[in-house]
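> My questions are about this predicted structure, shown below with the sequence.
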Amino acid sequence: MRKKAFKGLVIIAALCTAVISSSGQMKQIGKFTAGGVEDANKLLEAYIAPWANALGTSLSGGWYNTAKVHKLGGFDITFTMNMGLVPKTDKTFDLSTLGLSPEASYSSNTAPTAAGKAQPGPTMTYDIAGTQVPLYQTPKGTGLGFIPSPMVQVGVGLIKGTEIDGRYMPGVDLGNYGSFGLWGIGLKHDLLQWLPLAEKIPALNVSIQGGYTKLSYKKDLSFQPGDVGVVPANVLTSPDISFTGQSLDLVIKSFTVNLLASVNLPVVSFYGGLGIANTKTDLGMKGYYPIPTIDDNPAHMDTFGELVVTDESVGDPDPISFMIKNNEGSPTKPRLNIGIRFKLGPITIHGDYTKANYSNITAGLGVSIR
């Protein structure tokens, strides 16, 4: 039974990752390198940041469905599905504000982010040795303004009104959709136990909760010289430079602290929270990527004046590496959460909504024995 349940969870996770990777967006992000490393970092960060923030938000959700803390030895096992929502303002980005190189021009200022409309972005043109070369169109969006995050969580009651929570997803290989793993740890502590009058309001619970989650994701990429119009005969690189082994590596760390309150009745409970959440995303593209240039060497009779890829234009491996912090550049709103839980014997069903810069919807099913 446990193997079947775990297999079902992996299938759900695979489906969610398939949605995230739809329309070939992950494969197409390699094209950002065509205009040079500096522009590539700026463009990719603007494109991927809304998804990174939404995923970080979803990782901050699902930690609780009541403010009540387990008694010593009490426990729960809960499956949750969190859905981080991308605001409308972050479904496009303005190319003119990124500080791209003077050699860059574009057919339109507005480009879709990963969460934007499923339509191609502007054409990026670069002045290469005095020649205007249209290199690529920025990737289209997916039309999906949300990021799902499924996980299993276990909570166990400790002494002094304290509960420890853990969430875990072992490394899962999803084939063409990449691989990922997840783990997290949290604590919840009963505050009312320290107030003498608390026993007179048995249905009311107030606690403080904190949680940390880390997700790692890796996907193989394949961005070749032909993707920017360079024919095989014009790839003038050393034998030890190969465009195989490219990958996208993503690590998201999410931390949240919340003040919780709940009213727990026999069958139904109402709960809410006020807190903050911070996420940090580290993204890197590994391997060599082709950066085209115009061959200005008269000695190269076959390729002189043509678009080529050379050792010099390929550059060093691992060209892209940057960090995204949630809500960077804008005031951080507190997380306001409200939810409802039904308890039918040991079975619990809950759902809640969190309002923040990036909002989140959570639904869950579990078994709880207090």
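Perfect, thanks for sending it.

> Please count neighbours and contacts with C-alpha atoms only from this point.
OK.

> could you point out which element follows the helix or strand hosting M151?
Using DSSP states H and E, M151 falls within strand 146-157. From strand 146-157 onward toward the C-terminus, using DSSP H and E, the following helix or strand is strand 162-173.

> Name every strand pairing with that following strand and say which way it goes.
If you go by DSSP bridges, strand 162-173 pairs up with strand 146-157 (antiparallel), strand 179-190 (antiparallel).

> roughly how far is the last one from the heart of the chain?
Centroid displacement of strand 179-190 relative to its chain, using CA atoms, centre = their mean, to the nearest Å, is 16 Å.

> going forward, begin numbering at 37 instead of 1
In the new count, where the first residue is 37, that last one comes out as strand 215-226.

> Now that strand - C-alpha only, CSV.
Only the C-alpha atoms of strand 215-226 are listed here, as CSV (Å, rounded to 0.1, in the frame of the first residue of the first chain):
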residue,chain,number,x,y,z
SER,A,215,14.9,15.5,-12.1
PHE,A,216,14.1,17.1,-8.8
GLY,A,217,14.2,16.5,-5.0
LEU,A,218,12.8,18.3,-2.0
TRP,A,219,13.1,18.4,1.7
GLY,A,220,12.0,20.7,4.5
ILE,A,221,11.8,21.0,8.3
GLY,A,222,9.5,23.1,10.5
LEU,A,223,8.5,23.8,14.1
LYS,A,224,5.2,24.8,15.7
HIS,A,225,4.9,26.0,19.3
ASP,A,226,1.8,26.5,21.4
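
> Buried residues, it. List them.
Within strand 215-226, the residues that count as buried by 16 or more other CA atoms under 10 Å are 215-226.

> any chance you could map the helices in the chain?
Assigned by DSSP state H, the helices in the chain fall at 38-56, 61-64, 73-96, 347-350.

> so T249 makes contact with F291?
Yes - in this structure T249 lies within contact range of F291 using CA atoms under 8 Å: 6.6 Å.

> list the residues that contact both of those two?
S96 (CA atoms under 8 Å, 6 or more residues apart in numbering).

> Nearest approach to F115 belongs to which of the strands paired with strand 198-209?
For F115, the closest of the strands paired with strand 198-209 is strand 182-193, at 4.5 Å, according to CA to CA.

> Tell me if I'm right that L218 and V287 touch.
No - judged on CA under 8 Å, L218 makes no contact with V287 at a distance of 9.8 Å.

> Mutual contacts of those two, please.
250-252.

> between those, which is closest to A90?
When the shared contacts of L218 and V287 are ranked by distance to A90 (CA to CA), L251 comes first, at 13.1 Å.

> who's in contact with that closest one?
By CA under 8 Å, 6+ apart, the contact set of L251 is 216-219, 287-289.

> And for S357?
S357 neighbours (CA under 8 Å, 6+ apart): 77, 318-321.

> buried residues in stretch 239-246?
240-246.

> no no, stretch 67-82
Result for stretch 67-82 [16+ other CA under 10 Å]: buried residues 67-73, 75-82.

> Check pLDDT for those and point me to the minimum.
In terms of pLDDT, the lowest of the buried residues of stretch 67-82 is K67, showing 82.

> if I look at the closest residue to L79 other than its chain neighbours, how far off is Y248?
Counting by CA to CA, 6 or more residues apart in numbering, L79 lies nearest to F68, which is 6.7 Å off, once chain neighbours are set aside. Computed as CA to CA, to the nearest Å, the F68 to Y248 distance reads 32 Å.
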